[in-house]
Every structure is written in structure tokens, then in C-alpha cells.
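Chemist: Sequence first, then the predicted structure, then my questions.
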Amino acid sequence: MKENLYNYILGIADNSLILGQRMGELTGHGPSLEIDIACTNISLDLFGQVRSYYQYAAKIAGDGRTEDDIAMLRKERDYLNVLLVEQPNTDFAYTIARQYLFDVYHAMFLTALQSSHDITLSAIATKSIKEVSYHQRFSSDWIKRLGDGTNESKLKIQNAVNTLWTYTDELFHQTEADKAMVTEHIGVDVTQLKKAYYQKVTSLLTEAALEVPKLKWFQKGGKSGIHTEHLGYLLSDLQYMQRTYPNMEW
Amino acid sequence: MQSNLQHIDPILYPILEQVSDPEIPVLSIMDMGVVRSATISDKKEVKLQITPTYSGCPAMDVIGDDIKTILNKAGYNAHIELVLAPAWTTDWITPKGRKALETYGIAAPLEANADKEVLLNGKRMVKCTNCKSQNTRLVSQFGSTACKAQFQCNDCLEPFDYFKCLK
């Protein structure tokens, strides 16, 4: 099995799975009907992308495991998503800030992944980028509305941005699988995206009349399976059915 | 752009045309442009390639099953492959498909620039499917399915869906 490629795919896909699950939690709980639908639409797009990645990963594993096994039957430490996406829906401002901080990265990452020498990854990226640019429109729009809105909305979105900022640097850390895949022209060199990312985010936050947090120390660990406590709770929800009724099918 | 129709065997076309999107029953999958190729290989063996509109579109599984069922009735054995490249675009919806959408009450996608103006800058360009007025407003960028946004007509107050442009 091509271990590096397998881990590389999981590193990409797990971000979408966990963020998709977070957005999916808002089904029936969104602050308004339209927002509820928007968040769950985003969730659906992300899950769709995840299926393409996991199907490909399962093929590479070649040992009979399926996309569902990969999604549902791993332990917490085997998930390789960044810490940012597992952060909870504390309030609507957190949901939007998390989404926005990830969307900007996601769009840049997929744009670069389109040039991958791996035709499957390139095809998934080309398909997904159309959906993700739509997510980015939605989250950018709400950052501006909340930041440039009432005192209360501004306070809340600023708090959320300040709290989540510590998880942004990890997006640009390279894992061993990353490095190997970059050498083979399959993967994206995320270190190259960092400067443009912070420029873009800074520009929008400024437009939204928000302060750009200044931090010297950032949280990390998700990419190597060391997560915040939130992931365990999320997984117990996500995996409940498969753990309680093993091998059940829909 | 009709490049999606290049590899459809003319014998299969009328059969496949009877399959519709389960979420938009008036829209045939052929008019939607999701069937990329359909060829008869060994007598009754049919190979098809279909592509999703959106990655998470739950209709794709149903469409796959429906294709198998209808081809089976016609005496064929269908093998379906899901392909992602080239990625589906709303350009592949045929003129007939666009008309079917409008009649059903879903505004057909505008060109990319106009679509952006409508969804981001609140321009009034989407025609109400009920009274044809262009005095309409965006209610939500996301709608009842991944491919649609919600609109309302300011004149006749009809709420309706708009099929978002995807390129």
C-alpha cells in the first residue's frame, strides 16, 4: 500500500468530514431557517467531497476496507484533521468564524491541488473548488455583516475570531506524508499558501471593521492525531450507529 | 456546450431520457447533462459514465439505480461508473431542460457574471417563474437542494427556487 498517499488523502478528507459533521449538527438548530439550510448544504457538499476522497483511499488501501470503515471506525488519534475544524458551534459567530478561517485555506488548497499529478485528486479538487468558493462567499458575507453590524454582533464575531486564531497556523504545517507527496508532485506545499492566506484574511477582517489578532504562539497537533477534547465528543456522536450496531447498513 | 452528449448511443438515448432527477422530476437526466457516455459493448452490455452535479448530491445513487432498472427492462445489463472529470457545469443543461425547469417553477441559471450580481450584490435579474417580473429578491443563497437558491417575487410574492450557475 502507498502509505504516504493514503495518509495524505486522509489528511485532506478528515478536515471535510469533521467540519461537515459540525455544520450538520445545526440541522434543525440553525438561528433561522435560511441559515439552517445554508449550514446543512455546506455540510452536504463537504460530505460529498469526503466520499470521493475516502473511496479513493479505500482503493489504495486495497484490503477490503470501505469508505464507511474509514469514516466511522477509526479511533480519535487516527483522525488527521486540523484542530480548527473540530472546534464546537459555541454560538453563530463561532460557526461563521471557523467556517471562514477554513474556507479561505480550503479554496487556496484546492486551487493548488487541481495541478496535482494524481488525476483522481486533481479531479476531486476541480469538482470541489466550485462548491467551496460558494461556501467562502457565504462565510465572508457573514463575517462582514456581523463585524459591521451591531455592537453585540461585532463583539461576538471578534471574540470568535480571537479564540479560533490560535488554530490557523496549523493549516500550514507539513506532515511527513505532505513532504513526500510534494516531492512527487502529488501534494500541495501548504507552506507556500501561508502568506497569501493571512493577507486575504487580514483584508476581509479589516473591511469588516474587526481587529486582526496578534499571536506569537499557536496550537497544533491535529495533523498528527493529537486533538482537543472536542473531537472525542464529536466522534461519539458521528460513530454512534456503527459502534452500537456494528456493520449495519442503511 | 453539448460535449456531454458525444458518446451516447442513439439507441439508448430515448430510454435514458425517461429517467429523471428524483428531486426535480420534470428534468430528464439527459437534459441535465449528467450522463457523459453510454455505449453498448457486448450485445446487451451497456457501459455508462455519469457525473454528479454537486459532490454530495444524494440524487446520484437514485439516478444510478433508476438507470439500471430501466435498462434492465429494455433487456440491457448496465454497468455504471461515476466520473468526476470534467466537472459538471450548468452549461450542460439543454435548452429543453431549462424550459422544463422554468415551467416547473425553478428559475434557470443565469450566466456566471449575472449570477454573481444576483447572489452577491442583490441585482434584480432573476425572473419570477410565476408572473415573469424581474422585481425579485434573494431570500437565501442556499436552497432546498445543493443546486438551488431561494428567491421571492416582490410583485406577486411567489417564493421560488433559482438554479444556481455552476461553472
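Modeler: Structure's in. What do you need?
Chemist: Give me the next element, helix or strand, following whichever helix or strand A:Ser140 is part of.
Modeler: For A:Ser140, the element it lies in under DSSP states H and E is helix A:119-147. With elements assigned by DSSP H and E, the helix or strand that comes after helix A:119-147 is helix A:151-164.
Chemist: Just want the angle from the lowest-mean-pLDDT helix or strand in chain B to helix A:119-147.
Modeler: Lowest mean confidence among the helices and strands of chain B (mean pLDDT, DSSP states H and E): helix B:112-121, at a mean of 81. Orientation note: helix B:112-121 sits at an angle of 40 degrees relative to helix A:119-147 (axes from the mean of the first three to the mean of the last three CA atoms, to 10 degrees).
Chemist: Break down chain A into its helices, ranges please.
Modeler: Assigned by DSSP state H, chain A shows helices spanning A:3-24, A:33-61, A:67-72, A:83-86, A:92-113, A:119-147, A:151-164, A:176-183, A:194-207, A:230-238, A:240-244.
Chemist: For burial, what's the neighbour tally of A:Gln192?
Modeler: A:Gln192 has 12 neighbours, counted by other CB atoms under 10 Å in any protein chain shown. No exception for glycine: its C-beta is placed from N, CA and C like everyone else's.
Chemist: Now it: closest residue in space that isn't a chain neighbour?
Modeler: Nearest residue to A:Gln192 in three dimensions, chain neighbours excluded: A:Ala112, at 7.8 Å (CB to CB, 6 or more residues apart in numbering or on different chains).
Chemist: B:Gly143 versus that neighbour, what's the distance?
Modeler: Distance, A:Ala112 to B:Gly143, by CB to CB, to the nearest Å: 30 Å.
Chemist: B:Ser41 now?
Modeler: When B:Ser41 is compared with B:Gly143 (using CB to CB), they lie 39 Å apart.
Chemist: Could you pull up the residues touching B:Val139?
Modeler: The contact partners of B:Val139, taken as CB atoms under 8 Å, 6 or more residues apart in numbering or on different chains, are A:Glu34, B:Gln150, B:Phe151, B:Gln152, B:Pro159.
Chemist: Name the SS class of the second one, please.
Modeler: Pointing back at B:Gln150 there. Three-state assignment for B:Gln150 (DSSP: H, G, I helix; E, B strand; the rest coil): strand.
Chemist: wait, isn't it in contact with B:Phe163?
Modeler: No - contact criterion CB atoms under 8 Å: B:Gln150 and B:Phe163 do not qualify, at 11.6 Å.
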